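Colleague: Predicted model and sequence follow; I will ask about them next.
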Amino acid sequence: MAINRRGLPEINAGSMADIAFLLLIFFLVTTTMDQDTGINRKLPPMPDSEQETPPEINAKNIYVVLINSNNQLLVEGEMMQISDLKAGAKQFINNNGMNPRSSDNPEKAIISLQNDRGTEYKTYIRVQNELAAAYTELRNDASLGKFGERYADLDKIKQKEIRKMYPQKISEAEPKNIGGNE
Amino acid sequence: MSKFRKNGKKGMPAISTASLPDIVFMLLFFFMVTTVMRETTLFVKVQTPKATEIKKLEKKSLVSYIYIGSPIKRLQASYGSAARIQLNDAFATVEEIQEFIATEQQARDEKEIPYMTTSIKADETAKMGIITDVKQELRKANALKINYSTRKGTY
């Protein structure tokens, strides 16, 4: 104790607040609070030269979605509004052989998406979003029926089970250039 | 002068500011922890499209960004208004993407490479042609995990 009393005088901490404020303002200004969000997708790997021919898929199990350079949709040979796409996709995936011209079961159902080089990115994302929403709703229905919980609230193992029932198969074909854009 | 009483001495005692540094430090640490430094200056105008089925982008250190959009107003005189690709701090051509991905992969640990994601931040008015070109280059560079950057919302 004696040392303390005789030692160095206390350092004045009055300016500590000022220094801290300075740092605080710096971090306040440089901070970006927004979380990056987006739609996750996985690209197919480049085809190998000696790859065997892809397996034949029954045409009725493929849901063909085409987008042209005017951002119009052609689904299974018919024009469709984007707002109807989700319902259409759901019906196709969950057909389970009811309609002989639609998919056999959700595991076999494949959605094939093809766009033009002139298609607007906004439309493309909207279509991707609608298709993803169709799968989300189907998975939610299935998990509510089976586990009584929403898909997002399930644990990993149960989620995998539901995912196996409704695998999200969206295939993207190489784009064509019908619209004549650069 | 003695007409006026000295108010100062009789008024309220000064509030102690001794705990002010503590409060400020607390705020400081909060902002220090949540802060993400802005690492690139954007040369292209990017307004990402809206979507509802969005997921949060995790592990920011493993994400590389590709910006696509028309150049900002200031640069339109010299670069035109056609959509361009920006990598890091400069405009780039489609061919440069493979090199960009390779350098990004080299900067990371070998074990982390399969978890690396490429975030495509494209303007909603961009055409699919340029985005398809970018996607093809990413396939060639074997960077298959991608994320289309979107905002939350509906049309």
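Modeller: Now that the structure is in, tell me what you want to look at.

Colleague: what about the strands in the chain?
Modeller: Picking chain A for this. Applying DSSP state E to chain A gives strands spanning A:37-42, A:62-67, A:73-75, A:78-80, A:110-115, A:170-172.

Colleague: that's the wrong chain, I wanted chain B
Modeller: Applying DSSP E to chain B gives strands spanning B:50-51, B:55-56, B:63-69, B:84-87, B:90-92, B:117-122, B:145-149, B:151-152.

Colleague: Mind checking if the first one is in reach of chain A?
Modeller: Yes - applying C-beta under 8 Å from any C-beta of the partner chain, one finds strand B:50-51 in contact with chain A at B:Ala51. In this view, the C-beta of every residue, glycine as well, is placed from N, C-alpha and C.

Colleague: Can you tell me the number of residues neighbouring residue 87?
Modeller: Reading this off chain A. Per other C-beta atoms under 10 Å in any protein chain shown, the neighbour tally for A:Ala87 reads 13.

Colleague: Let me rephrase: I mean chain B.
Modeller: So B:Leu87, with other C-beta under 10 Å, has 20 neighbours.

Colleague: Could you dump the strands of chain A into a markdown table and include mean pLDDT, distance to chain B and mean neighbour count?
Modeller: Shown next, in a markdown table, are the strands of chain A (pLDDT from 0 to 100; distance: least, C-beta to the nearest C-beta, whole Å; neighbours: other C-beta atoms under 10 Å in any protein chain shown):
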| stretch | mean pLDDT | distance to chain B | mean neighbour count |
| --- | --- | --- | --- |
| strand A:37-42 | 86 | 4 | 17 |
| strand A:62-67 | 87 | 8 | 21 |
| strand A:73-75 | 88 | 14 | 18 |
| strand A:78-80 | 87 | 16 | 10 |
| strand A:110-115 | 88 | 5 | 19 |
| strand A:170-172 | 84 | 9 | 16 |
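
Colleague: quick one: which of those is nearest B:Gly153?
Modeller: Closest approach to B:Gly153 among the strands of chain A (C-beta to C-beta): strand A:37-42, 10.7 Å.

Colleague: Quick one: residues in contact with the closest one.
Modeller: Defining contact as C-beta atoms under 8 Å, 6 or more residues apart in numbering or on different chains, one finds that strand A:37-42 is touched by A:125, A:128-129, A:132, A:170, B:48, B:51, B:53-57, B:117, B:119, B:144-152.

Colleague: Try it again at 10 Å.
Modeller: A:125, A:128-129, A:132, A:168, A:170, A:172, B:48-49, B:51-58, B:117, B:119-121, B:135, B:144-152 (C-beta atoms under 10 Å, 6 or more residues apart in numbering or on different chains).

Colleague: Filter those residues down to the buried ones.
Modeller: Neighbour-count burial within the contacts of strand A:37-42 applies to A:125, A:128-129, A:132, A:168, A:170, A:172, B:48-49, B:51-54, B:57, B:117, B:119-121, B:135, B:144-150; the criterion is 16 or more other C-beta atoms under 10 Å in any protein chain shown.

Colleague: anything in the longest helix seen in chain A near chain B?
Modeller: In chain A, assigned by DSSP state H, the helix with the most residues is helix A:121-147. Yes - using C-beta under 10 Å from any C-beta of the partner chain, we find that helix A:121-147 touches chain B at A:121-126, A:128-136.

Colleague: on that earlier part again, adding distance to A:Ile25 and mean pLDDT, write the strands of chain B out as CSV.
Modeller: Output for these, formatted as CSV (distance: least, C-beta to C-beta, whole Å; pLDDT from 0 to 100):
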stretch, distance to A:Ile25, mean pLDDT
strand B:50-51, 33, 88
strand B:55-56, 28, 84
strand B:63-69, 27, 89
strand B:84-87, 30, 88
strand B:90-92, 31, 85
strand B:117-122, 29, 90
strand B:145-149, 29, 90
strand B:151-152, 28, 86
